[in-house]
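Undergrad: The following block contains a protein sequence and its predicted model.
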Amino acid sequence: MKRVLFIQHRAPYGSESPQEQIDAQLVAATFGLRVSVLFQDDGVWQLLSQQDGKALERRTLGAQLQALELYEISDFYADAAALDERGLEPGQLSLPVRVLDAAALKTLIAEHDLVLRF
């Protein structure tokens with residue numbers, strides 16, 4: 001089974017990219033690919049449990065991320081440096097992520113057949 005790593009690196013509501021990437025993750029999982037998701041840079045903001053997209057007339061991204069497990073997407077990772085730079089702790093996050101340092105991130109990326117960052 002091919003392994004695909006999606007790198008979420010944008011803030012949750014600054015563009016359509018996070019939503020488009022979730023849609024792509026669902027399509028990949030539907031076609032039998034093993035999907036993993038890495039949150040880096042401002043993408044770690046997508047993981048906050050206290051978010052609501054209604055004020056911006058958007059669907060709440062956190063709720064959609066939690067639904068990924070229904071499609072057998074459960075390998076979630078977060079960049080330790082990105083969390084630290086933004087003052088975020090794993091307990092504040094809406095998904096059970098594995099927090100990885102720089103060396104572990106390189107290994108994670110190398111383990112996947114395809115890496116998508118958009």
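TA: In hand now; what should we look at?
Undergrad: How about residues contacting the helix of greatest length in the chain?
TA: Secondary structure assigned by DSSP state H gives helix 17-30 as the longest helix of the chain. Contacting residues not belonging to helix 17-30 are listed as 4, 6, 8, 10-12, 35, 37, 43, 46, 58-59, 61, 64-65, 68, 71-73, 116, 118 [CB atoms under 8 Å, 6 or more residues apart in numbering]. In short, each C-beta sits where N, CA and C put it, glycine included.
Undergrad: Buried only: go through these for me.
TA: Using 16 or more other CB atoms under 10 Å as the burial test, the contacts of helix 17-30 include 4, 6, 8, 10-12, 35, 37, 43, 46, 61, 64-65, 68, 73 as buried.
Undergrad: Just name the lowest-scoring one in those residues, pLDDT-wise.
TA: Here the lowest pLDDT out of the buried ones among the contacts of helix 17-30 sits on Leu61, with 76.
Undergrad: give me phi/psi at the closest residue in space to that residue that isn't next to it in sequence?
TA: Of all residues not flanking Leu61 in the chain, Pro12 sits nearest, at 4.4 Å (CB to CB, 6 or more residues apart in numbering). Phi and psi for Pro12, reported as degrees, to the nearest 10, are phi -60, psi -30.
Undergrad: measure Pro12 to Glu72 for me?
TA: 23 Å (CB to CB, to the nearest Å).
Undergrad: The helix-or-strand element of the chain with minimal mean pLDDT packs against which elements?
TA: Within the chain, no helix or strand scores below helix 61-67, which has a mean of 81 by mean pLDDT, DSSP states H and E. Helix 61-67 sits against helix 17-30, with contacts defined as 3 or more CB pairs under 8 Å, 6 or more residues apart in numbering; DSSP states H and E.
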